[in-house]
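J.: Got a predicted model here, sequence first, then my questions.
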Amino acid sequence: RIAFAEAEKLVLNFYESAGHERDIAGHTTYKVILDSGCGTGESTLNIAIANPDVPVIGIDKSAARLTKAGAAPRNAFLVREELLDFWRLALGKVKAGQWHIPYHALYYPNPWPKQSEATRRFHLHPIFPTLLQLGDTLELRTNWELYAREFAEAARIAAPHCTIAREPFEPERPITAFER
């Protein structure tokens, strides 16, 4: 909760410093882009550069990885937190109309390949419906074809109203160490 409160504060400060005002009742909806499992934050920095008018929050549970991030644009924020907790709290902001998440990156998540670890995969975990409700576009990148197929099928079942596309990806310009 402390880390999430810090993320909320960063979002609010970003918009206030940009001159974004609240409505007459003191309410507003802020756009926020999420980069879940951002590792060293390289993808967060690249997403932030491509979207300078929206705060981008990179979330990872490893403080060691997050300390490897380079210089960040003013709209890039790195937060050390468990993804599941962050997603639950973020969904509360979305449902309250305080946040709008137009894009959510899940770049090369650890797919937990062993059968004994299957329930740790996002699409087989109870958090999956929360993940699907967070925003407009969720982009999963993985090099494990089975994981991509499983994820797409679980999303199709859990959110039949959503459009799901599964396609090969070859980056023109790598934005993560994994892509390189």
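T.: Sure thing, it's come through. Residues are numbered from 1 along each chain as shown.
J.: Please give me every residue in contact with V54.
T.: Neighbouring residues of V54 by C-beta atoms under 8 Å, 6 or more residues apart in numbering: 31-33, 75, 102. Any C-beta I mention is one placed from the backbone N, CA and C, and that applies to glycine too.
J.: ok, 10 Å please
T.: 11, 14-15, 30-33, 47-48, 75, 100-103 (C-beta atoms under 10 Å, 6 or more residues apart in numbering).
J.: What secondary structure category should be reported for it?
T.: coil (DSSP: H, G, I helix; E, B strand; the rest coil).
J.: roughly how far apart are it and L10?
T.: 12 Å (C-beta to C-beta, to the nearest Å).
J.: Can you say which helix or strand has I57 in it?
T.: strand 56-60 (DSSP states H and E).
J.: helices or strands up against that strand?
T.: Contact analysis of strand 56-60 by 3 or more C-beta pairs under 10 Å, 6 or more residues apart in numbering; DSSP states H and E lists helix 2-17, strand 33-36, helix 42-50, helix 63-66, strand 76-80, helix 83-95, strand 99-107 as its packing neighbours.
J.: Could you identify which of these is most buried?
T.: Comparing the helices and strands packed on strand 56-60 by mean neighbour count (mean count of other C-beta atoms under 10 Å), strand 33-36 ranks first with a mean of 26.
J.: tell me the mean pLDDT over that one?
T.: Averaged over strand 33-36, pLDDT sits at 97.
J.: Let me see the contact set for V11.
T.: 30-32, 54-55, 57, 75, 77, 93, 98-99.
J.: got it, and F86?
T.: 3-4, 7, 34, 36, 57, 59, 61, 79, 134.
J.: 7 Å instead?
T.: By C-beta atoms under 7 Å, 6 or more residues apart in numbering, F86 lies in contact with 4, 59.
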